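> Give the three-dimensional model of this entry:
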Amino acid sequence: MYSYHDGEAMVYHYALGELYAEVKDVIFSVRVGIAPEKEKNGVEPIKKMFREAFVTRGWTPEVPIPLEARDELRGDEDTKMDFRKVHYNGHGLGVEFQTGYYERPLKDFLRFQKAIQIGMVKVGVLIVLMKDTAYYMSDRIASFESAVDTLKGFGTEAYRDLSLVVFGVAHDEFTDKPLPKQRVGRRAQRRR
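Down below sits the predicted model:
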């Protein structure tokens, strides 16, 4: 766990400890088994397990964050946070579960900062695979260590409004069967 801009302290400052405990409960309740071969496992099954665990606990998935600038070419009107839950005191906690390429946490940092600035959440929680687990996943995946190094490299001035807790998660066991990879790209589309 890594706390940026006193993210964990801010959880308790805004009385979000109950929601924070739910996040930790999700992390410890999801059991992941992977094949012990480099880049052999897909991340989609892990994402589905985490999504189910959050939704079961009443977290809202894919919460839109309005953007000021629109992408005219793609028609994007907003970006989405993976999960959000608002406590009875009116304060929200946001969660991103990042299994994309190694540079994806940068977008998560900006997404959280924007959500905090407009009052959607008070604190963000980023969940990302540990480097030892990412090694066995699809190529060039983000890791806890790289996300923390990025935050430390930018320092506290880069994301002034960002209160964030970063959790690293690891696999629970090795299995004989790799997690299936999601088929994307042109080759996958031709096969359909």
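
> Strands of this structure, residue ranges please.
Along the chain, counting by DSSP state E, strands occupy 2-4, 33-34, 60-71, 76-86, 92-98, 123-129, 164-169, 173-174.

> Please identify the pairing partners of the fifth one and their relative orientation?
Strand 92-98 has its sheet partners listed here by DSSP bridges as strand 76-86 (antiparallel), strand 123-129 (parallel).

> residues in contact with that strand?
11, 16, 19-20, 23, 47, 50-51, 54, 59, 63, 81-87, 104-105, 108, 111-112, 115, 120-128, 142, 147 (Cβ atoms under 8 Å, 6 or more residues apart in numbering). The way it works is simple: take the backbone N, C-alpha and C, and place the C-beta from them, glycine included.

> Contact partners for Trp59?
Applying Cβ under 8 Å, 6+ apart, the residues contacting Trp59 are 22, 83-85, 95.

> what's it sitting at in phi/psi?
phi -80, psi 140 (degrees, to the nearest 10).

> Check the strands of the chain for me and report the most buried one.
Among the strands of the chain, strand 123-129 has the highest mean neighbour count (mean count of other Cβ atoms under 10 Å), at a mean of 27.

> Identify all contacting residues around it.
Counting by Cβ under 8 Å, 6+ apart, 7, 10-11, 14, 16, 20, 23, 27, 43, 46, 50, 93-99, 105, 108-109, 112, 115-116, 137, 141-144, 147, 162-170 sit against strand 123-129.

> Which of the strands of the chain sits closest to Phe154?
strand 2-4 (9.6 Å; Cβ to Cβ).

> Parallel or antiparallel, which strands does that closest one pair with?
Strand 2-4 is paired, per DSSP bridges, with strand 164-169 (antiparallel).

> Let me see the contact set for the residue lying closest to Ser29 once chain neighbours are set aside.
Nearest residue to Ser29, sequence neighbours excluded (Cβ to Cβ, 6 or more residues apart in numbering): Ala53, at 5.9 Å. Ala53 makes contact with 26, 29-30, according to Cβ under 8 Å, 6+ apart.
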